[in-house]
Structure formats: structure tokens, C-alpha cells
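sequence first, predicted coordinates after that:
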Amino acid sequence: MTTPAKTENELALSPEARGFQHVATVEEIPTDRGFRVKIENKYIAIFKVDQKIYAINALCPHAGAFLDMGYMDKHSVICPMHGWDFDVRSGESPTYGISTSCYETFVEGDAVYVKP
Ligand code: FES
């Protein structure tokens, strides 16, 4: 038995049609650190806080450490190399006044998507 082809409307509304890429399941994203993916030569760190999913540039703007390896303090990830903090909701560092890129996320069922 074959699966019926998706209609044009279904394709237009799919996450992929809107520029998202499937990166993980919700269960794969830890709560005590991030989950790193590489999309289109970008390292993206995905975080789960209070069951919501956020994505920021995985490379710390200070000296390039992987932020997904940092530890979490509520909505902030603390860089494992020198301790700069970044709010995963905005990419901003409330302490150091700089920011890093954020990426739009989307969850459908158990599937986590990111728009790189
Ligand atoms: S590399 Fe992240 S704070 Fe220095």
C-alpha cells in the first residue's frame, strides 16, 4: 500500500516547505546542557528549558567554545571556557552586553525543527 501524495497545501504548510530542518526528537535534547547540530556549515546549539525549545549559534562569540557544552542556569547557558552567559531565548548576554545569533525553532509532535 502506498502513502497518498501530499496535496499542494499540505506541502506548503510542511516545516520543510517553510525552511525548517528536522534535527532531533524532543527527548534527545537534554535539559542540563545543549544539543549540537551542524546545518549548512553552521553549528547550532539547541536547548530545552521548561519543555520549550530554543536554538542559538553554538560557537561562543568570545573565543569560539561550543556553548552546547556549557551548563544551564534557568534560561542562560554558561560558556564552558570563560563563563560568559547567553540567554537562549534571545542570544543576548545580560552580563557582557553582546549577543549571538538565534534561530527559529518549531516542534511538531516529537520532532524538533530549526530554521538555519
Ligand atoms: S569562549 Fe565563551 S566565554 Fe570565552
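Yes, it's here.

for the rest of this, base every contact and every neighbour count on C-alpha atoms.
OK.

name the residues of stretch 7-24 that are buried.
15, 20-24 (16 or more other Cα atoms under 10 Å).

so what touches it?
37, 105-106, 111-116 (Cα atoms under 8 Å, 6 or more residues apart in numbering).

mind running it again at 7 Å?
Outside stretch 7-24, the residues within contact range by Cα atoms under 7 Å, 6 or more residues apart in numbering are 111-115.

what does the chain put close to the ligand?
60, 62-65, 79, 81-84 (Cα under 6 Å from any ligand atom).

now which of the residues you listed would you call buried?
For these, buried by 16+ other Cα under 10 Å: 60, 65, 79, 84.

show me where this structure has strands.
Using DSSP state E, the strands of the chain run over 21-25, 35-39, 42-49, 52-57, 71-73, 76-78, 85-87, 102-108, 111-115.

turn the ones you listed into TSV, columns for distance to residue 95 and mean pLDDT.
Listed next are those as TSV, based on distance: least, Cα to Cα, whole Å; pLDDT from 0 to 100:
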stretch	distance to residue 95	mean pLDDT
strand 21-25	30	98
strand 35-39	23	98
strand 42-49	20	98
strand 52-57	17	98
strand 71-73	13	97
strand 76-78	11	98
strand 85-87	7	98
strand 102-108	18	97
strand 111-115	27	98
